[in-house]
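Q: With the sequence up front, the predicted model follows.
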Amino acid sequence: MESSKNEVNLSIKGGDLGVLYIVQNELLNDPKTDYAGVITRHPLTNEIWMRVASTNPIKDILKATDSAIAEANKLKKLLTKKG
């Protein structure tokens, strides 16, 4: 939707709100992130909005996504060992 040097506003169609909450959590754990928010635009639409304010929001979103994937892989390995 919009972007500037320190802020990006994304509109994600057909996304999974739960996955974006995990990415949001990873972003908020980074001290360089000033703000990370995720909302459903409207319950009857299939659109999610994400706003991130940081020193480099696109880079930070990518880093947070990679971190979330790594954590999911750790959980998968743990569950595979227990199962």
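A: It's in. Residues are numbered from 1 along each chain as shown.

Q: Just give the nearest non-adjacent residue to the spatially most central residue of the chain, would you?
A: The centroid of the chain falls nearest to Val23 when counting by Cα atoms, centre = their mean (2.7 Å). Spatially, and ignoring its direct neighbours in sequence, Val23 is nearest to Ala64 (5.0 Å; Cβ to Cβ, 6 or more residues apart in numbering). Placement of C-beta: from N, CA and C, glycine included.

Q: tell me the phi and psi of the closest residue to Gly14 other than its chain neighbours?
A: Spatial nearest neighbour of Gly14, excluding adjacent residues (Cβ to Cβ, 6+ apart): Asn46 at 5.5 Å. For Asn46, the backbone dihedrals (degrees, to the nearest 10) come out as phi -110, psi 50.

Q: Please apply the same query to the one 4 residues further on.
A: In this entry, Met50 is assigned phi and psi values of phi -130, psi 130 (degrees, to the nearest 10).

Q: bridging residues for it?
A: Applying DSSP bridges to Met50 gives these bridge partners: Leu10, Val38.

Q: Just give me the neighbour total for the nearest residue to Val8 once chain neighbours are set aside.
A: Setting aside the residues directly before and after it, Val8 is nearest to Pro57 in space (Cβ to Cβ, 6+ apart), at 4.2 Å. Pro57: 26 surrounding residues under other Cβ atoms under 10 Å.

Q: In the chain, which helix is the longest?
A: helix 57-82 (DSSP state H).

Q: in that one, what's buried?
A: With burial defined by 16 or more other Cβ atoms under 10 Å, the residues of helix 57-82 counted as buried are 57, 60-61, 63-65, 67-68.

Q: same deal with stretch 13-33?
A: Neighbour counts over stretch 13-33 (16+ other Cβ under 10 Å) mark 15, 20, 22-24, 26-27, 33 as buried.
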